[in-house]
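Q: the following comprises the amino acid sequence and a computationally predicted model.
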Amino acid sequence: MTLDVVQDILDVETHRKFDKMVNETCTVINLTETLDNLQRIFLLMAIIDSSEGHLDSRYNTTKAAAELIRTHPKLSDVLNTAWKDQSYRHVRNLAILQMPSAESYTQSDALTPAMKQELARSLGTTYRGGALDAFIEYLENNQRKFEQSKYYGKFCSIVQSSGTGKTRLMLELVKKDVLVLYMNLRPAQDKSGFPDRDPIPAMLLTEYYTTTEDYSTRCCAFFTAIFRTLRDTLSREVQNAAGDEQSAVRQWNKDMSTLGSTQRHKFFTQVKTIVDQPPPRSSGPEEMKEAYKEMIDAFPKLFNRKHDEDNTPKLVIAMDEGHPLHEVKNFRPSTILCRTISAYSQSVKASVWVVFGSTNSTVARFASPQPDFGSARVSVKELLVFPPFSQLGWDQFACRLKDIRATDVAKLSHIIAFGRPLWKSLKLVYECGGLDPIQEIQNLARHKLCGASTYDPGTTNQSLAVLGQRFALDIGFGHSEAIEHVESLVASHLRVCITVTEDRTWSFTTYPSEPYLSCVAANILHEKSEVRDETLKVLMKTVNNGMIDMGQSGELASRMLWLLAKDLLVRTYHSLDKFLDEKKGRRWEAELIDCQEVSVWDFFKFLFGSDFWTKAGQSATTAFKAAYVNFSHWVSMDFNIRGNVLDQLDIKQWTLRHWHRTSAVQCCHNQPSIDKVIPIYFKSPDLAGRDEDHVSQILICDKSQGQTGFADTLDKILRTNNSIAGENHQSPLPYIAILADMGLTQSGLHRIEFPKPSSTQPVYEQCLRIHACGMNSDTYRFLGGSRLGVLNETLQFLVKRQQVPMNSQPLVQSVQDRVEFGSSGTEQHMVWEKGGVIIPY
């Protein structure tokens, strides 16, 4: 009976590469010309080892390979023929060796060899940003802390969302003459990722273990083999370099940081040979500590400190895609692995670190609930674990402000360079694969944001990702499911980790300004009105249960109102599925529709009604006829717009920079007078000079308490406020001040005011003032459009949830007032003596 084969999905060059790796392995284990049964087992294991995850690694053990050959006798003949021909292509195509998911795996799921080659090439391009120096500083600080405090072991983590440069950072350490041993532990069924899985270390650390004792023995054997192999291979390099350890390190790094190199394959093959030796030669903690000491002693110039304050890392063992180590079966492998690292860390003083990298926060457990030590990476109390490193940088490919005109900022080539480096770097990769990079990058961004190939608006995490990326959603710290959602959004939905508390109980995360991803999110949200409605229903649900923070004065409702109004206006110009507009340029010079300029004249007509400018008057109409907005997302501030700092930006450049990345601003809670800023750009031909001289602002103050008496607040919105532009600021360009009194029962625009022009002198700091009351279609006319019922419901819900209801029972309300001290300046909220009044009976 013949053995079934599957369609060959590998190209000729890949087969040649794998064949070469198999033959080199067989040379090491000395296979004879005629194979006996044991040698056939070794050959089969070598073929699987060298397949870089394409074949089922379950058969990469002596026992499993022997059983497979016994079950399929014809396999012996196939292996004999392959060994004679020195070609193993037919073996790789055997159905019995394919991954369990092979029936659903097609070529389109994987990166082609040309695409992988381009990705590998990109790893050698000039490194941008300061993340490398920051990571070195982090490791130096960890080394210092380890020697001064009770830390468990010399291991730490890099945790960040996809496409931010974790792998590149690990490999880039070689530029600092740090010895780097990189290995990728991604699951064998993950065919689409890069770099490829390193099958030997991945198999040894993540597969085929049953008990804690077995896995503990394997971990000791693994590190013993690593230290011995590293000592042997580096010693040969030192000998070749005439004793120059630094030159040897550089050559070793060059060979071992070249992904897919013969040297890497030989290194890990030797590691497996040592691990497979019968116990106790490589299996115990004492043997591991001895191997560690021998490695350190073999290279005194490398590992010895230059002085007492020398805490620079000397060797980093980088375990990328480390999340499989945290998959719990009978136990958590990472707990035992880190216990093993702790054992040798304490034995010899040397700056040798194991660094785990992943998008999944479980690799560091930085959001693990306390005191659940069992779910953390360390099961030993009273010992500390280093918090993860997350500062990988941002905007590495963004062009300089002066290099692009303000009227061109909507171009795809400009917008795609902001944010994580992934989007920009994939252009050449997809071109090498013969694919349309513009469409493929959009598909990938959509997939990564949703965490799935299709968007399901009923799935909470998907909806929070699509909305959170643009509307600055904040997850409430106290919610019972907050930690779970934080972990999921960082791991699977591109949310970015900013920092982590020292005890790793909470991570501070956000969606930073990333306008390309904002456009993808907008395209998803507005694909169909039903999709938008279902997404908004999820938002109401999560706000209602306290997971999403609404702000203090209706900030979330206001963000939703302004940006969704612009979204809907843009989609009156284009079809719902439109992503790029090629009227001004094609391909990379086309404009993203959600970043395009929209005239303030059209925007306010859409927002407030077609009669708005008639009400505003001819002076206002003339003043803003050349004004435009272009915001695609909100960014949140932690400080006032203007403060007493040395590097304070001028309000003009500050506004222009937000215009360039199409962002609107949610001010911090302490910002006087206003809550939001939307950049304006004037395209008037009468204006000359720099782009900075063409900008202005919409300043918005949010109110949602449903109380009257705030009308004078509108007059206090002044651009010359010291916390905004400063009292010395003067601009001939007008600005707009809006009091959004969303909580009032009355509706409409109660005030629209613009000063009349003066013929005697130029007018500076002119302001169009608008008092908008209520949250309904009487005020915001676009809400009266068809199929906007759920949007109306959502906005009104967000406003009402902001209001503390007045109690209909006067005595109950009086007692409630005592608890709300300071909420107003009236007696019921300020005279606390009333709380102790004795009521006569």
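A: Here it is on my side, so go on. Numbers count the residues shown, from 1 in each chain.
Q: tell me the centre residue of this protein?
A: Centrality entry for the chain: nearest residue to the mean C-alpha point is Ser161, 2.8 Å, by C-alpha atoms, centre = their mean.
Q: per-residue confidence at the nearest residue to that one once chain neighbours are set aside?
A: Spatial nearest neighbour of Ser161, excluding adjacent residues (C-beta to C-beta, 6 or more residues apart in numbering): Leu494 at 4.9 Å. Where you see a C-beta, it was placed from the backbone N, CA and C, and this is true even at glycine. In this model, Leu494 is scored at 88, pLDDT.
Q: Leu68: how many residues sit nearby?
A: 17 (other C-beta atoms under 10 Å).
Q: please, which helix or strand holds it?
A: If you go by DSSP states H and E, Leu68 is part of helix 62-71.
Q: which residues touch the closest residue to Leu173 other than its chain neighbours?
A: Excluding the flanking residues, the one nearest Leu173 by C-beta to C-beta, 6+ apart is Val180, at 5.0 Å. Val180 makes contact with Met170, Leu171, Leu173, Val174, Asn253, Met256, Ser257, Leu315, Val316, Ala318 under the criterion C-beta atoms under 8 Å, 6 or more residues apart in numbering.
Q: same question for Ala590.
A: Lys411, Leu412, Leu580, Asp581, Glu582, Lys584.
Q: ok, Asn544 next?
A: Phe797, Arg801.
Q: give me the distance between it and Lys605.
A: With the distance defined as C-beta to C-beta, to the nearest Å, Asn544 ends up 34 Å from Lys605.
Q: centre of the chain to stretch 74-86, how far?
A: On the basis of C-alpha atoms, centre = their mean, to the nearest Å, stretch 74-86 sits 47 Å off its chain's mean C-alpha point.
Q: would you indicate which residues of it are buried?
A: Leu75, Ser76, Val78, Leu79, Ala82, Trp83 (16 or more other C-beta atoms under 10 Å).
Q: the fourth one touches Phe42, doesn't it?
A: No. Using C-beta atoms under 8 Å, Leu79 is not in contact with Phe42; the gap is 10.1 Å.
Q: in the stretch 1-150 of the chain, where is pLDDT below threshold?
A: Residue ranges of the stretch 1-150 of the chain with pLDDT under 70: 1, 100-111.
Q: also the stretch 151-300 of the chain?
A: 208, 279-283.
Q: all helices of the stretch 1-150 of the chain, in order?
A: For the stretch 1-150 of the chain, the helices defined by DSSP state H, counting those that start in this stretch occupy 12-28, 37-49, 62-71, 74-85, 89-92, 113-122, 131-148.
Q: scratch that, the stretch 551-700 of the chain is what I was asking about
A: Residue ranges of the helices in the stretch 551-700 of the chain, as given by DSSP H, counting those that start in this stretch, are 555-573, 600-608, 612-616, 618-623, 651-660.
Q: how about CSV for these, with mean neighbour count added?
A: Output for the helices of the stretch 551-700 of the chain, formatted as CSV (neighbours: other C-beta atoms under 10 Å):
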stretch, mean neighbour count
helix 555-573, 21
helix 600-608, 20
helix 612-616, 17
helix 618-623, 16
helix 651-660, 21
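Q: quick one, which of these is nearest to Met21?
A: Of all the helices of the stretch 551-700 of the chain, it is helix 651-660 that lies closest to Met21, at 48.4 Å by C-beta to C-beta.
Q: quick check on Asp190: phi, psi?
A: phi -80, psi 100 (degrees, to the nearest 10).
Q: where does the residue nearest to it when sequence neighbours are not counted land in three-state SS?
A: Nearest residue to Asp190, sequence neighbours excluded (C-beta to C-beta, 6+ apart): Arg197, at 7.0 Å. Under DSSP: H, G, I helix; E, B strand; the rest coil, Arg197 falls in the coil class.
Q: number of nearby residues for Arg197?
A: Per other C-beta under 10 Å, the neighbour tally for Arg197 reads 26.
Q: cool, Ser777 as well?
A: Quick note: Ser777 (other C-beta under 10 Å) scores 15 neighbours.
Q: that one contacts Asn792, correct?
A: Yes. Assessed by C-beta under 8 Å, Ser777 is found in contact with Asn792 at 7.1 Å.
Q: in the helix or strand the residue nearest to Leu173 falls within, which residues are buried?
A: Using DSSP H and E, Val180 sits within strand 179-184. Neighbour counts over strand 179-184 (16+ other C-beta under 10 Å) mark Leu179, Val180, Leu181, Tyr182, Met183, Asn184 as buried.
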